[in-house]
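Undergrad: The sequence and its predicted three-dimensional model are supplied below.
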Amino acid sequence: MLSESVLCLLTEDLLIRVLEKLGSERKAWRMVCKEFLRVESVTRKSVRILRIEFVMGLLEKYCNIETLDLSVCPRIDDGAVAVMVSQGSASWTRGLRRLVLSRATGLGHVGLEVLVRACPMLEAVDVSHCWGYGDREAAALSCAAGLRELNMDKCLGVTDIGLAKIAVGCARLERLSLKWCLEISDLGIDLLCKKCSHLKFLDVSYLKVTSESLRSIASLSKLEVFVMVGCSLVDDVGLRFLEKGCPLLKAIDVSRCDCVSSSGLISVISGHGGLELMGAGYCLSELSAPLVECLENLKQMRIIRIDGVRVSDFILQTIGTNCKSLVELGLSKCIGVTNKGITQLVSGCGNLKILDLTCCRFITDAAISTIADCCPDLVCLKLESCDMVTENCLYQLGSNCLQLEELDLTDCSGINDIALKYLSRCSELLILKLGLCTNISDIGLAHIACNCPKMTELDLYRCVRIGDDGLAALTSGCKKLTKLNLSYCNRITDTGIEYISHLGELSDLELRGLLNITNIGIRAVAVSCKRLADLDLKHCEKIDDSGFWALAFYSQNLRQINMSYGNVSDMALCMLMGKLNRLQDAKLVCLAKVSVKGLELALRACCGRIKKVKLQRSLRSLLSSEIIETMHAKGCKIRWD
């Protein structure tokens, strides 16, 4: 009675204020009582729909949403959209501002136009990786006159004509990404810049545009972020157009632009004193002294990514001297990185939070210890293939960098159990990559498990001394794990996999090449890990039909599965592909027990919702042309291995 009287005193305004502070606990909130459920329903602003059969019920329940995510709903097509928009009052469309349709390859231009026209307040649309989209879909998007953000990455069929439709129809655009839209040329970019003068963010990565496009882009007076990764036809002449253009430019990325040199970058820097981010990875043969000296004028420079560039101790010292505000530095695969250079760098850049030293093979414990001493706010450190690093520097990291959230030690052969003991002091650790660290064992893993309860991602690829005992400790201490890679850890048996089944948050699990796990272990995972979305069972030879039957019946949230080189038969494969209603990506290479007829039946069972399939190249001439054409027509991309 007391609890009922207390609840009666809580007005709707108070309940809403409480709900806003709960974050991820909204599910528990709405299960308390009907009033809590009602308040959660009317205040919810975003919905991510996983299964098409629940679409109408959810849209009727959450009628005040502003964001609708259909990117993981595999059977969205023109017909489904027509039903969504026409049934009932469709009141959910009136306030919708953001629409996520990434990888919604089954939706065509007719359904897209219906959806766009039904949402008068639409401001942002994401159709990235809808690889079959072309000019008709672009024309459908142009109906959203109020559109401010549009992501069209890898819409391979869009040409200058489609871009022109968008430019004319969506003049208010502020953010546009055209990455991998390979049919767009200078002509389309020129028209875009003339019609969409409000652009603040533009990504033209991997387009076949030339420096003439940069002449047009330079006229964008509000542009703040410009990304042109992999534009191999753009050179320094184009960058010089930007010197006196784009007065508000804060970030530029010219990584992998083969014809760009330090001279061109100097032009951009000299004209933009407010630059905060510079990306120039894999495009310069070396980082010249004049370019680095120019950085002195950039008092607000916070992020520099120069992966794959030749540097020297003097260059790193100059960066440390001139870029005091630097919080992120990318030196992955840079030639010339030494202990001395790193020491001189961090002595001036004490505010660094993210440092990427991947494949900088000549740095040792001395450099890492200096980083730990000078950069106490470090959040992310990447040391993949830095094989001269040992437990000594991990002592310094564990003592000084207590805010560390991500550490990549992949292929660091000097890392052992003692190193993990020191590292376990970093209790805020979220992501830890230990792949190919063959000297760590269950003992070291137990240290991490006991002291790093917030861990969400762990990579133990080919850590051959990890066994069942380590997994017992891990699942006891790191209950928030969502991603786990155990590939080729061949000491692991069904006992260890059963421990893994206790991880209720697990979504991504890689078990590739585990020769000792059987149907018993995989059934335990299928039954208990309800959130499992990505599963890799390649080369798991002891898992046969019984294990795959369990996945078919219990793992209804699976979106990706790799069962290549497995022992599944025709019947089990058909059952699996038919039952997994959310499956979007399947790798089915070298299935010795599956016949051509069985494979065709399995593909028909999932046709209309699956988006990617990987098959053995030799099957290309054996499968009927009808099934291949049907798969393509339904928006599925077949990759031949």
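TA: Sure, I can see it.

Undergrad: in the stretch 1-150 of the chain, which segments are predicted with low confidence?
TA: 1-43, 88-90 (pLDDT under 70).

Undergrad: again, only this time at 50
TA: 1-3 (pLDDT under 50).

Undergrad: Equivalent analysis for the chain, please.
TA: Short version for the chain, where the test is pLDDT under 50: 1-3.

Undergrad: Okay, helices next: where are they in the stretch 101-250 of the chain?
TA: 109-117, 135-141, 160-169, 186-195, 211-217, 236-243 (DSSP state H, counting those that start in this stretch).

Undergrad: Can you add mean neighbour count and give those back as TSV?
TA: The way it works is simple: take the backbone N, C-alpha and C, and place the C-beta from them, glycine included. TSV is the format used below for the helices of the stretch 101-250 of the chain (neighbours: other C-beta atoms under 10 Å):
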stretch	mean neighbour count
helix 109-117	20
helix 135-141	23
helix 160-169	21
helix 186-195	20
helix 211-217	22
helix 236-243	20
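
Undergrad: would you turn those helices into CSV with distance to Ile627?
TA: Formatted as CSV, these follow (distance: least, C-beta to C-beta, whole Å):
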stretch, distance to Ile627
helix 109-117, 24
helix 135-141, 25
helix 160-169, 30
helix 186-195, 36
helix 211-217, 41
helix 236-243, 46
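
Undergrad: Asp534 and Glu510, how far apart?
TA: 8 Å (C-beta to C-beta, to the nearest Å).

Undergrad: neighbour count winner among the two?
TA: Glu510 (21 against 16; other C-beta atoms under 10 Å).

Undergrad: Give me the neighbour count for the nearest residue to Gly330 once chain neighbours are set aside.
TA: Distances taken as C-beta to C-beta, 6 or more residues apart in numbering put Arg305 closest to Gly330, at 3.6 Å, once the chain neighbours are dropped. Neighbour count for Arg305, taken as other C-beta under 10 Å: 20.

Undergrad: and if you look at the one 3 residues further on?
TA: As a burial measure, the neighbour count of Gly308 was computed by other C-beta under 10 Å and equals 20.

Undergrad: One more: the one 3 residues further on?
TA: When neighbours are defined as other C-beta under 10 Å, Val311 has 23 of them.

Undergrad: Report the contact partners of it.
TA: Glu286, Leu287, Leu331, Cys334, Ile335, Gly336, Val337, Gly341 (C-beta atoms under 8 Å, 6 or more residues apart in numbering).

Undergrad: Going by distance to Val204, which of those residues wins?
TA: Leu287 (24.1 Å; C-beta to C-beta).

Undergrad: if we can go back for a sec, from the contacts of Val311, keep the buried residues only.
TA: Among those, those classed as buried by 16 or more other C-beta atoms under 10 Å are Glu286, Leu287, Leu331, Cys334, Ile335, Gly336, Val337, Gly341.

Undergrad: In helices, which of those appear?
TA: Among the buried ones among the contacts of Val311, the residues falling in helices (DSSP state H) are Gly341.

Undergrad: from the buried ones among the contacts of Val311, which is closest to Leu50?
TA: Leu331 (40.1 Å).

Undergrad: check contacts around that closest one.
TA: Ile306, Asp307, Val311, Val337, Leu355, Asp356, Leu357, Cys360.

Undergrad: Repeat that for Ile217.
TA: Ile189, Cys193, Leu202, Leu223, Phe226, Phe241, Leu242, Gly245, Cys246.

Undergrad: Tabulate the residues you listed (JSON lines), appending distance to Arg103.
TA: Putting the contacts of Ile217 into JSON lines (distance: C-beta to C-beta, whole Å) gives the following:
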{"residue": "Ile189", "distance to Arg103": "26"}
{"residue": "Cys193", "distance to Arg103": "29"}
{"residue": "Leu202", "distance to Arg103": "23"}
{"residue": "Leu223", "distance to Arg103": "28"}
{"residue": "Phe226", "distance to Arg103": "26"}
{"residue": "Phe241", "distance to Arg103": "35"}
{"residue": "Leu242", "distance to Arg103": "33"}
{"residue": "Gly245", "distance to Arg103": "35"}
{"residue": "Cys246", "distance to Arg103": "32"}
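
Undergrad: picking that back up, write the ChimeraX selection for whichever of the contacts of Leu331 are buried.
TA: Burial among the contacts of Leu331 is assessed by 16+ other C-beta under 10 Å; the matching ChimeraX selection reads:
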select :306,307,311,337,355,356,357,360
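
Undergrad: If we ignore the residues flanking it in sequence, what's nearest Met56?
TA: With C-beta to C-beta, 6+ apart, the residue lying closest to Met56 is Gln87, at 6.0 Å.

Undergrad: For Ala419, see how far away that neighbour is.
TA: 59 Å.

Undergrad: Comparing the two, which shows the higher neighbour count?
TA: Ala419 (27 against 12).

Undergrad: Tell me if I'm right that that one and Gln396 touch.
TA: No - counting by C-beta atoms under 8 Å, Gln396 is not a contact partner of Ala419; they are 11.3 Å apart.

Undergrad: where do the helices sit along the stretch 501-641 of the chain?
TA: Using DSSP H, counting those that start in this stretch, helices in the stretch 501-641 of the chain cover 519-528, 545-554, 570-579, 596-606, 625-633.

Undergrad: In JSON lines, list those helices along with distance to Cys73 and mean neighbour count.
TA: Below are the helices of the stretch 501-641 of the chain laid out as JSON lines (distance: least, C-beta to C-beta, whole Å; neighbours: other C-beta atoms under 10 Å):
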{"stretch": "helix 519-528", "distance to Cys73": "22", "mean neighbour count": "21"}
{"stretch": "helix 545-554", "distance to Cys73": "20", "mean neighbour count": "20"}
{"stretch": "helix 570-579", "distance to Cys73": "17", "mean neighbour count": "21"}
{"stretch": "helix 596-606", "distance to Cys73": "15", "mean neighbour count": "19"}
{"stretch": "helix 625-633", "distance to Cys73": "19", "mean neighbour count": "14"}
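
Undergrad: how about these, which one is nearest Asp236?
TA: Using C-beta to C-beta, the nearest of these to Asp236 is helix 625-633, at 41.9 Å.

Undergrad: okay, the angle between that closest one and helix 596-606?
TA: Orientation check (axes from the mean of the first three to the mean of the last three C-alpha atoms, to 10 degrees): helix 625-633 against helix 596-606 gives 30 degrees.

Undergrad: Packing partners of helix 625-633?
TA: Helix 625-633 sits against helix 596-606, strand 637-640, with contacts defined as 3 or more C-beta pairs under 8 Å, 6 or more residues apart in numbering; DSSP states H and E.

Undergrad: Now do it: everything it contacts.
TA: Counting by C-beta under 8 Å, 6+ apart, Glu600, Leu603, Arg604, Cys607, Val613, Arg620, Ile638 sit against helix 625-633.

Undergrad: and the gap between the nearest residue to the first one once chain neighbours are set aside and Arg75?
TA: If you skip the residues right next to it in sequence, Glu600 has Ile627 as its closest partner in space, 5.3 Å away by C-beta to C-beta, 6+ apart. Ile627 sits 18 Å away from Arg75, taking C-beta to C-beta as the criterion.

Undergrad: cool, Leu182 as well?
TA: Distance from Leu182 to Arg75, by C-beta to C-beta: 28 Å.

Undergrad: For those two, indicate the residue with more neighbours.
TA: Under the neighbour definition other C-beta under 10 Å, Leu182 and Arg75 were set side by side, and Arg75 has more, 18 against 15.

Undergrad: From what I see, the more buried one and Arg609 are in contact.
TA: Yes - using C-beta under 8 Å, Arg75 is in contact with Arg609, at 4.4 Å.
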